[in-house]
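Asks: I need the structure of the sequence given here:
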Amino acid sequence: MAKIIKGLILAIASVALCMIVYDYGKGYYDDYMREYKGTESFDGEDVEVVIPEGASVKEIAAILKKEGLIKYENAFTRRLQDSEYRGKLQSGTYILNTGMNTLEMMAAMSPVVDVNAPIDYLVVPEGFTVEMIAARCEEQGICTAQEFLNACQSVTKEDFPYLEDVPAGANVEYKIQGYLFPATYDIYESTTAESLVEWMLETFDNYYTDDLQAKAQEMGYTSFDVVTRASIVEREAKVDEERAMIAGVINNRLAIDMQLQMCPTVLYPLTDGMYDQSQVYYEDLELDSPYNTYKNFGLPVGPICNPGIACISAVLYPADHGYYYYHVADEEAGTHVFTESYEEHIDTQIIGGPNGVPEEGEDGESDDSEE
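Replies: Got it, this is the predicted structure:
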């Protein structure tokens, strides 16, 4: 009888031990599978986790275990291997929750980078030249200056129909000078010199509306005529209300075959398009260049910068007046005094000279603001 009781006790103990082992094993299996396959989550505690740069998957799993976010490193690494987040975990500081499933943790540590978001901005002010834009692109690391200039040179009439308006054989530095529209442009990872130039030309096309084109046609101007005139106005006018006034002076001088004698047309070739010289010296006026309106009659051979829409509009809607001369009235404000005769031009300024060219001062320089 004693043997039977002893055997029964042993059997019960064995069953109990098996049940304990089973429960433990089942619990282990359930926990493991929850981390390996589970999709449920619950409210837990937030935990700040720092993932060092260059951390391996195993190192990340160890960090999560140390912070009490997972129990089984192997379950985490196996799940990552089979998931969409493989190779996407990034370093950084994250707030994870103990109630998250491992897939949610992986998603949190794999922030999505919007490839369509701009990485920089290029500001092209009114009056910038092709050369100045190229320099700014290089300064900002968008492309090299030479890459931008090459892209400008590679544009054809098929790419940009307005180039049909550039006179055959025109000795211009860049055929698209005047057509790169001043604006702020988003820069993306995919931006190239070619795509940027194309975008600027498209922006010109958008702003040079059918109404403006019709007005130009009415006045007998091609787009090239418009941007050439507007480029002079852009470099000369400092205040809004004087743009149309200066456009009118250009018209008046051309109408009587009078030289324009406007200093920006010297500064453009003199500074290789950079306008990094503020004064024009008398010897500069002798510069042999088709842009120099002190040496040549009529308009310069082409635009001397890229004008904005206000100056384009001023050319198409110029002020009707009898002025042929102007000079600076207030240097700081950028305003001018406009006069009809050369005598008035001299009388309203301290220094003046023939044909609107300022007299040579003691330093031998000419004020580039006085025409």
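Asks: helix, strand, or coil at the residue nearest the centre of the chain?
Replies: Taking C-alpha atoms, centre = their mean, the centroid of the chain lies closest to residue 122, which sits 2.3 Å from it. Here residue 122 is strand, with the state taken from DSSP: H, G, I helix; E, B strand; the rest coil.
Asks: residue contacts, the residue lying closest to it once chain neighbours are set aside?
Replies: Once flanking residues are discounted, residue 122 sits nearest to residue 185: 4.6 Å by C-beta to C-beta, 6 or more residues apart in numbering. For glycine as for every other residue, the C-beta is placed from the backbone atoms N, C-alpha and C. Going by C-beta atoms under 8 Å, 6 or more residues apart in numbering, residue 185 touches 121, 122, 124, 196, 199, 200.
Asks: three-state assignment of the residue lying closest to the fifth one once chain neighbours are set aside?
Replies: What it means is residue 199. Leaving aside its chain neighbours, residue 199 sits nearest to residue 185 (6.2 Å; criterion: C-beta to C-beta, 6+ apart). Secondary structure, three-state DSSP: residue 185 is strand.
Asks: what's the distance between residue 185 and residue 321?
Replies: Per C-beta to C-beta, to the nearest Å, residue 185 is found 37 Å from residue 321.
Asks: in what helix or strand does residue 233 lie?
Replies: Per DSSP states H and E, residue 233 falls inside helix 223-236.
Asks: in this structure residue 135 contacts residue 145, no?
Replies: Yes - using C-beta atoms under 8 Å, residue 135 makes contact with residue 145 at a distance of 5.4 Å.
Asks: ok, residue 231 touching residue 299?
Replies: No - using C-beta under 8 Å, residue 231 makes no contact with residue 299, being 9.7 Å away.
Asks: tell me the phi and psi of the closest residue to residue 38 other than its chain neighbours?
Replies: Once flanking residues are discounted, residue 38 sits nearest to residue 101: 4.9 Å by C-beta to C-beta, 6+ apart. The phi/psi pair for residue 101 (degrees, to the nearest 10) reads phi -80, psi 160.
Asks: how about residue 248?
Replies: Taking degrees, to the nearest 10 as the convention, residue 248 sits at phi -70, psi -40.
Asks: do residue 95 as well
Replies: The phi/psi pair for residue 95 (degrees, to the nearest 10) is phi -100, psi 110.
Asks: check what pLDDT the spatially closest residue to it that is not a sequence neighbour gets.
Replies: In space, and not counting its chain neighbours, residue 95 is closest to residue 46: 5.3 Å by C-beta to C-beta, 6+ apart. Predicted confidence (pLDDT) for residue 46: 94.
Asks: pretty sure residue 46 is touching residue 99, no?
Replies: No - assessed by C-beta under 8 Å, residue 46 is found out of contact with residue 99, at 9.6 Å.
Asks: more neighbours: those two, which one.
Replies: Neighbours per residue, other C-beta atoms under 10 Å: of residue 46 and residue 99, the larger number sits with residue 99, 14 against 11.
Asks: give me the three-state assignment for residue 112.
Replies: Judged by three-state DSSP, the three-state class of residue 112 is coil.
Asks: how much space between it and residue 186?
Replies: As judged by C-beta to C-beta, residue 112 and residue 186 stand 19 Å apart.
Asks: these two: who's more crowded?
Replies: Neighbours around residue 112 and residue 186, counted as other C-beta under 10 Å, are more numerous at residue 186. The numbers are 13 against 7.
Asks: bridging across strands, which residues link to the more buried one?
Replies: For residue 186, the beta-bridge partners are residue 121 (DSSP bridges).
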